[in-house]
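>>> one predicted model, sequence on top.
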Amino acid sequence: MLISIVVPCFNEEEIVDRFHARVTDELALLEGELGHEFELVYVDDGSRDGTLERLDHLAAADSRARYVSFSRNFGKEAAMLAGLQYAKGDAVVIMDADLQHPPELVRRMLALHEEGYEQVIARRTRKGDRVTRTLAARAYYRLINRLIDVELVDGVGDFRLLSRRAVDAVLGLAEYNRFSKGIFAWVGFRSTTFEYENAAREQGRSKWSFGKLLNYGLDGMLSFNNKPLRAALYLGLLLVSLASLYAAWIVVEAMVNGVDSPGYVTLLVAVTALSGVQMVMVGVVGEYVGRIYYEVKRRPHYLVAATDVDRPRRTLRATDQELVGT
Ligand code: UDP
Ligand code: MG
């Protein structure tokens with residue numbers, strides 16, 4: 001079997017070398033024991049530091065490694081997609097470049113894959129995370145699982161093994177707005193999850209700011225259902241019924257006590273509250289329209305600026321050089 005390891009990298013120059021060394025140590029062991037072959041597909045997501053040069057070196061020195069480099073930063077989703085597209089393996093493992101996904105776990109994934117699981121998912125504990133982030137995550141997952149059609153699990157990320165069949169299924173979903181947590185869950189197949197201890201990032205910094213996380217969370221809610229639209233509808237109906245009740249009450253009151261003019265506060269509150277609600281609803285609709293807009297443009301998910309995947313393998317290159325030398 002050929003196993004591909006897909007590694008999205010964005011500004012990881014400080015750590016890719018170390019990552020590569022750790023992974024290849026582990027892969028060498030596995031090759032000996034299990035007789036699998038491995039390939040490493042690095043995706044440089046438009047890094048602005050020396051990541052590309054590092055990858056170029058790695059790929060030149062190690063025939064297992066290849067890389068694809070984007071013309072700019074397209075985001076991790078696009079990088080993973082490219083990795084899956086370029087991977088040729090019978091199974092693919094997706095891994096972060098920052099060593100937060102321990103390479104030693106690949107062995108466990110392969111063992112579970114052997115047992116017939118088509119998705120082997122590593123779930124991290126939240127050890128070392130800030131309490132606020134842990135609580136926010138917990139609340140988010142409770143909310144989102146009520147809202148969307150697929151089930152998302154806290155701590156489950158992109159670190160997983162996919163069978164060829166699962167990879168092809170993921171690639172079959174051509175949507176532009178890619179929320180891979182949802183996509184992987186949507187694809188299904190026989191899946192299993194195991195837990196590993198969260199490791200802090202060793203070098204460089206996480207690319208997730210609070211704002212980015214918030215947007216990502218919203219993406220998740222909007223990509224997998226139309227329940228926010230449904231909720232807007234219900235909210236509208238609720239407000240209409242409340243308003244009718246209030247109107248009826250005012251009529252009754254006027255008949256009993258005669259017409260009474262004060263009430264401008266009520267009026268003001270009603271007007272501002274209602275226009276707020278309307279803006280939110282227009283916003284929700286706008287989000288979906290925006291998504292449709294991006295989908296119909298059918299732009300590519302990424303542009304490749306440099307790659308060595310078409311370059312002949314190292315053995316061939318060595319003979320080329322010999323020929324040039326003579
Ligand atoms: N990454 C990427 N493109 C981006 C942001 C991140 O390819 O725009 C890669 C990054 O190099 C790393 C992985 O995605 O290999 C996870 O990123 P990070 O460690 O910043 O996220 P965290 O572990 O904090 O969730
Ligand atoms: Mg990380």
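Received, thanks. Ligands and ions are numbered 1, 2, ... in the order given.

>>> burial count for the nearest residue to residue 225 once chain neighbours are set aside?
Spatial nearest neighbour of residue 225, excluding adjacent residues (C-beta to C-beta, 6 or more residues apart in numbering): residue 148 at 4.6 Å. Placement of C-beta: from N, CA and C, glycine included. By other C-beta atoms under 10 Å, the residues close to residue 148 number 21.

>>> hang on, residue 148 packs against residue 182?
Yes - counting by C-beta atoms under 8 Å, residue 148 does reach residue 182; the two are 6.9 Å apart.

>>> what touches both of those two?
Residues touching both residue 148 and residue 182 (C-beta atoms under 8 Å, 6 or more residues apart in numbering): 220, 224.

>>> re earlier: if I look at the residue nearest to residue 225, how far off is ligand 1?
20 Å (C-beta to the nearest ligand atom, to the nearest Å).

>>> same question for residue 152.
In terms of C-beta to the nearest ligand atom, residue 152 sits 15 Å off from ligand 1.

>>> ok, now residue 239?
The value you get for residue 239 to ligand 1, if C-beta to the nearest ligand atom is used, is 39 Å.

>>> elements contacting the host helix or strand of that residue?
Using DSSP states H and E, residue 239 sits in helix 227-257. Contact analysis of helix 227-257 by 3 or more C-beta pairs under 8 Å, 6 or more residues apart in numbering; DSSP states H and E lists helix 264-297 as its packing neighbours.

>>> so what are the sheet partners of the next helix or strand after the helix it packs on and their directions?
Next in sequence after helix 264-297, counting helices and strands by DSSP H and E, comes strand 304-307. Its sheet considered, strand 304-307 pairs with strand 65-70 (antiparallel) by DSSP bridges.

>>> may I have the partner strand as CSV, with CA atoms only?
As requested, the backbone C-alpha atoms of strand 65-70 are provided in CSV (Å, rounded to 0.1, in the frame of the first residue of the first chain):
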residue,chain,number,x,y,z
ALA,A,65,8.6,14.3,-0.3
ARG,A,66,6.9,16.5,-2.9
TYR,A,67,5.5,19.9,-2.6
VAL,A,68,2.9,22.2,-4.1
SER,A,69,3.1,25.9,-3.5
PHE,A,70,0.3,28.4,-3.9
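
>>> contacts for whatever helix or strand comes next after it?
As assigned by DSSP H and E, the chain's next helix or strand after strand 65-70 is helix 76-86. Residues from elsewhere that reach helix 76-86 (C-beta under 8 Å, 6+ apart): 4, 6-10, 41, 43, 45, 66, 68, 70, 92, 94, 158, 162, 167, 170-171, 178-180, 207, 301-302, 304, 309.

>>> what does stretch 156-169 give?
76, 80, 84, 87, 89-96, 101, 105-106, 109-110, 112-113, 118-124, 170, 180-181, 184, 187, 189, 193.

>>> what residues are up against the most centrally placed residue in the chain?
The centre of the chain sits closest to residue 180, judged by C-alpha atoms, centre = their mean, with a distance of 4.2 Å. Neighbouring residues of residue 180 by C-beta under 8 Å, 6+ apart: 77, 80, 158, 170.
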